[in-house]
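> predicted coordinates and the sequence they were generated for:
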Amino acid sequence: MSLINDALKRTKDVQQQTSPAAEGPALRPVTPEEEKKAGSAKTFLFIMVVAVIAGNVLLWLAFSEKPTEKRTASVADAVAASPVESTPVAETPKTTAPEPAPAASTPATAPGPAVEPTILSTNVPEPAPKVVFTEPERPMVLRLQSIIYGSRSSAMIGGKFLVVGDTIQGHKVIAIDRDTVTLMGEGKTNVLSLP
């Protein structure tokens, strides 16, 4: 115990003998001019932050309106692009409208040539049907990707987790071991193993 006390006394003596902390530059009070500069810098920084926030809000508003405009434009385009089924219009027989009897107080006018109604053709040729070539769907190659072996074992085949009794592409899982999975389908037994 005396060793500890001696060490503490020595450190206390050394601390008292050392000179006070090294002096740095002389501290002086802040002048009003420096305070004014600092205040203007704070004001400038505040204005910049407000401008950035306002700009972001305006950009957000500008871009949030675009999807609705695009949606209405796409609906209008779809309506314009849709084929219009036209039915042939039967021509009506040409008839002249009966002339009204002249009134007693108005002078009689000479009958003019009869005006025939013009029939507009609405027969629009139908656009050629679009032919889309699709490749027949190929069956996915059954590949064992992983096995979780335990009380209820499961295996990942073709991106799907399967347990005993499940089917994939017409093949039924009949057994799951530590390294292999046995499938049965199309009258054949197929054993998949981990790569």
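Nice, thanks for sending it over.

> how far away is the closest residue to residue 176 other than its chain neighbours from residue 61?
In space, not counting the residues next to it along the chain, residue 176 is nearest to residue 153; the distance is 4.1 Å by C-beta to C-beta, 6 or more residues apart in numbering. (Glycine included, C-beta is placed from N, CA and C.) From residue 153 over to residue 61 the distance is 55 Å, taken as C-beta to C-beta, to the nearest Å.

> more neighbours, those two?
residue 153 (17 against 9; other C-beta atoms under 10 Å).

> is it correct that the more buried one is in contact with residue 166?
No: with contacts counted by C-beta atoms under 8 Å, residue 153 stays clear of residue 166, the gap being 11.7 Å.

> what about the protein, any weak spots by pLDDT?
Screening the chain residue by residue with the criterion pLDDT under 70, one finds the ranges 18-24, 65-122, 124, 138-139.

> what domains does the record give for it?
Per automatic domain parsing, the structural domains of the chain span 35-78, 144-193.

> which of those domains sits most buried?
Highest mean neighbour count of these: domain 144-193, a mean of 14 (counted as mean count of other C-beta atoms under 10 Å).

> what's the first-to-last distance across that domain?
Distance between the boundary residues of domain 144-193 (C-alpha to C-alpha, to the nearest Å) amounts to 6 Å.

> for residue 39, give its distance to residue 33.
When C-beta to C-beta is the yardstick, residue 39 and residue 33 sit 11 Å from each other.
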